[in-house]
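Peer 1: Dropping the sequence and predicted coords here.
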Amino acid sequence: MEDAYPLSALQGGMLYHIEIAGVSNMYHNPGGVHIEMALPFDRSAFGRAVRDIVARHPAFRTGFD
């Protein structure tokens, strides 16, 4: 587990707008993707792939309250 890592310039700008400017929903961009597959969906393989990516990249383990 990591306590902190440096912010990128973009992340700093987002925090500025959220904290200083009082804009709370400026960067909330929900979306979806539809993927057509030739093979049946393998839920367990997908879960393993997501866990591997999250374990490899600290930014995917980030959360804000």
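Peer 2: Looks like it came in fine.

Peer 1: Give me the pLDDT value at the closest residue to residue 54 other than its chain neighbours.
Peer 2: Excluding the flanking residues, the one nearest residue 54 by C-beta to C-beta, 6 or more residues apart in numbering is residue 60, at 4.5 Å. Bear in mind the C-beta positions are built from the backbone N, C-alpha and C, glycine included. Looking at residue 60, its pLDDT is 78.

Peer 1: Quick check, residue 60 in contact with residue 52.
Peer 2: No. Taking contacts as C-beta atoms under 8 Å, residue 60 lies outside contact range of residue 52: 10.5 Å.

Peer 1: Show me the shaky parts of the protein.
Peer 2: Low-confidence segments of the chain (pLDDT under 70): 1-4, 22-30, 62-65.

Peer 1: which stretches of it form strands?
Peer 2: Per DSSP state E, the chain carries no strands over any range.

Peer 1: Now for the residue nearest to residue 7 when sequence neighbours are not counted, how many residues are close by?
Peer 2: The shortest distance from residue 7 to any non-neighbouring residue, by C-beta to C-beta, 6+ apart, is to residue 15 (7.1 Å). By the criterion of other C-beta atoms under 10 Å, residue 15 has 13 neighbours.

Peer 1: do residue 48 as well
Peer 2: Using other C-beta under 10 Å, residue 48 is surrounded by 11 other residues.

Peer 1: just the helices in the protein please.
Peer 2: 9-15, 43-56 (DSSP state H).

Peer 1: Just the CA trace of the shortest one, in PDB.
Peer 2: What follows is the C-alpha trace of helix 9-15 in PDB, where atoms were taken according to Å, rounded to 0.1, in the frame of the first residue of the first chain:
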ATOM      1  CA  ALA A   9      -0.100  18.700 -13.600                       C
ATOM      2  CA  LEU A  10      -3.600  17.700 -14.700                       C
ATOM      3  CA  GLN A  11      -4.400  16.200 -11.300                       C
ATOM      4  CA  GLY A  12      -3.200  19.300  -9.600                       C
ATOM      5  CA  GLY A  13      -5.500  21.400 -11.800                       C
ATOM      6  CA  MET A  14      -8.400  19.200 -11.000                       C
ATOM      7  CA  LEU A  15      -7.800  19.500  -7.300                       C
END
